[in-house]
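Trainee: Sequence first, predicted model second:
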Amino acid sequence: MKLAYIRVSTTEQNTDRQIIEADKTFIDKVSGANTNRPELIKLKEHARAGDIVICHDISRLARNLKDLKDLIEFFIGRGISVQFMKENMIFTADKQNPMNELMLNMLGAVYQFERDIMKQRQAEGIAQAKAKGVYKGRSTSMRLKAAIIDSYKSGVPQRKIASNNEISLSTVQRVIKAHKKELLA
């Protein structure tokens with residue numbers, strides 16, 4: 001079975017350039033910074049020996065070389081092939097290809113470097129904006145606010161809410177404070 005994995009970093013981005021013909025498609029609209037992504041987790045649970053996981057390019061599967069290698073090892077260790085369309089590379093349990101392995105390491109490192117540089121530039125921009133007094137921080141999404149409020153109403157401790165949603169405790173506290181009247185009702 002052909003299983004497509006498509007990922008973009010934000011909900012605003014569109015997946016059109018990653019169209020892949022497959023039997024089943026898994027689409028994440030989250031950062032590739034780690035492997036804790038809902039659709040990637042579903043893909044890992046769904047894939048079976050003999051299946052092939054297809055990605056548009058290496059950076060869509062992972063932006064971290066260690067995560068990339070771990071994911072490929074996970075799949076091929078279970079008899080599942082991994083194919084990258086853009087790089088024209090395929091990894092299977094039965095065939096070792098030293099050139100593919102070299103290219104994976106090089107390109108994976110380049111994608112990780114690219115992400116690190118992007119984060120560095122972002123931090124520099126934020127520091128400059130803070131110095132000018134114009135930085136307000138990123139607003140919390142409506143969906144995340146709802147999840148925080150629902151968890152809080154259910155009696156989940158604030159630290160656990162932060163951990164479950166991979167956000168800071170201060171974000172949880174800020175949302176709860178802003179919705180205190182609603183929570184007391």
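Mentor: Noted; the coordinates are in hand. Computed from a prediction, not measured in an experiment: that's the story for all the values here.
Trainee: What is the host helix or strand of E39 packed up against?
Mentor: Assessed by DSSP states H and E, E39 sits inside helix 38-46. Counting contacts by 3 or more CB pairs under 8 Å, 6 or more residues apart in numbering; DSSP states H and E, helix 38-46 is packed against strand 2-8, strand 24-29, helix 65-77. C-beta coordinates here come from the backbone N, C-alpha and C atoms, glycine included.
Trainee: Show me where this structure dips below the pLDDT cut-off.
Mentor: By pLDDT under 70, the weakly predicted segments of the chain are 138-139, 182-185.
Trainee: how about the strands in it?
Mentor: Secondary structure of the chain by DSSP state E: the strands cover 2-8, 24-29, 52-55, 81-84, 89-91.
Trainee: coming back round to it: now do the helix holding E39: everything it contacts.
Mentor: For helix 38-46, contacts defined as CB atoms under 8 Å, 6 or more residues apart in numbering pick out 3, 5, 7, 24, 26-28, 30, 53, 71, 74-75.
Trainee: In terms of secondary structure, what does the helix ranked longest in the chain contact?
Mentor: Scanning the chain for the longest helix, with DSSP state H as the assignment, gives helix 98-132. In terms of contacts (3+ CB pairs under 8 Å, 6+ apart), helix 98-132 is packed against helix 58-61, helix 65-77, strand 89-91.
Trainee: hmm, 10 Å instead?
Mentor: helix 58-61, helix 65-77, strand 81-84, strand 89-91 (3 or more CB pairs under 10 Å, 6 or more residues apart in numbering; DSSP states H and E).
Trainee: can I see the domain layout of this structure?
Mentor: Per automatic domain parsing, the structural domains of the chain span 2-108, 142-184.
Trainee: Nearest to A123, out of those?
Mentor: Closest to A123 of these, according to CB to CB: domain 2-108, at 14.3 Å.
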